[in-house]
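A.B. asks: Please find the sequence and the predicted model below.
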Amino acid sequence: MPIHEYRCEKCGKEFEELVFGEEAVACPECGSTKTEKLMSCCRHTYPGGVNGPRNARPPQASSSSGCAGCSGGNCSTCK
């Protein structure tokens with residue numbers, strides 16, 4: 001379901017709203033329909049899916065340094 005982030009141009013409140021089609025979005029704080037859609041961040045899921053453990057780590061490619069993301073083995077994902 002499409003959940004979008006908005007900011008009210010009248011009171012400045014930021015909020016999320018489930019939107020179907022081109023329906024008007026009203027601010028839950030002041031009721032104004034003068035809202036702007038914000039750029040949302042992408043969501044990344046790790047092994048275990050959306051309901052998987054929060055401390056799950058992404059899979060690592062095997063290499064001599066232990067991480068495919070760096071060559072020195074000292075980045076934050078190489079522990």
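C.D. replies: Sure, I can see it.

A.B. asks: When you work out contacts or count neighbours from here on, use the C-alpha atoms and nothing else.
C.D. replies: Noted.

A.B. asks: How about the contacts made by the closest residue in space to E5 that isn't next to it in sequence?
C.D. replies: Leaving out its chain neighbours, the residue that sits closest to E5 by CA to CA, 6 or more residues apart in numbering is E16, at 4.4 Å. The contact partners of E16, taken as CA atoms under 8 Å, 6 or more residues apart in numbering, are I3, H4, E5, Y6.

A.B. asks: In strands, which of those residues appear?
C.D. replies: I3, H4, E5, Y6 (DSSP state E).

A.B. asks: For the residue nearest to E5, which three-state class applies?
C.D. replies: strand (DSSP: H, G, I helix; E, B strand; the rest coil).

A.B. asks: sorry, back to before: ok, the ones in strands among the contacts of E16 vs C30, which is closest?
C.D. replies: Comparing these against C30 with CA to CA places Y6 closest, at 13.4 Å.

A.B. asks: Need the per-residue pLDDT for the closest one.
C.D. replies: Model confidence at Y6, given as pLDDT, is 95.

A.B. asks: my read: it touches S32, true?
C.D. replies: No: applying CA atoms under 8 Å, one finds Y6 not in contact with S32, separated by 11.8 Å.

A.B. asks: Among the two, which residue is more densely surrounded?
C.D. replies: Taking other CA atoms under 10 Å, Y6 and S32 do not tie; Y6 has more neighbours (22 against 14).

A.B. asks: gap between the more buried one and E22?
C.D. replies: 14 Å (CA to CA, to the nearest Å).

A.B. asks: neighbours of the closest residue to K34 other than its chain neighbours, just the number please.
C.D. replies: Spatial nearest neighbour of K34, chain neighbours left out: E9 (5.6 Å); criterion: CA to CA, 6+ apart. E9 has 14 neighbours, counted by other CA under 10 Å.

A.B. asks: which ones are touching E9?
C.D. replies: Contacts of E9 (CA under 8 Å, 6+ apart): K34, T35, E36.

A.B. asks: any weak-confidence spans in this protein?
C.D. replies: Where the chain drops to pLDDT under 70, the residues are 1, 41-79.

A.B. asks: related to what we said a few turns ago, please produce JSON lines containing the contacts of E16, extended by distance to P28.
C.D. replies: What follows is the contacts of E16, written out as JSON lines (distance: CA to CA, whole Å):
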{"residue": "I3", "distance to P28": "15"}
{"residue": "H4", "distance to P28": "14"}
{"residue": "E5", "distance to P28": "12"}
{"residue": "Y6", "distance to P28": "11"}
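
A.B. asks: Good, we can wrap up now.
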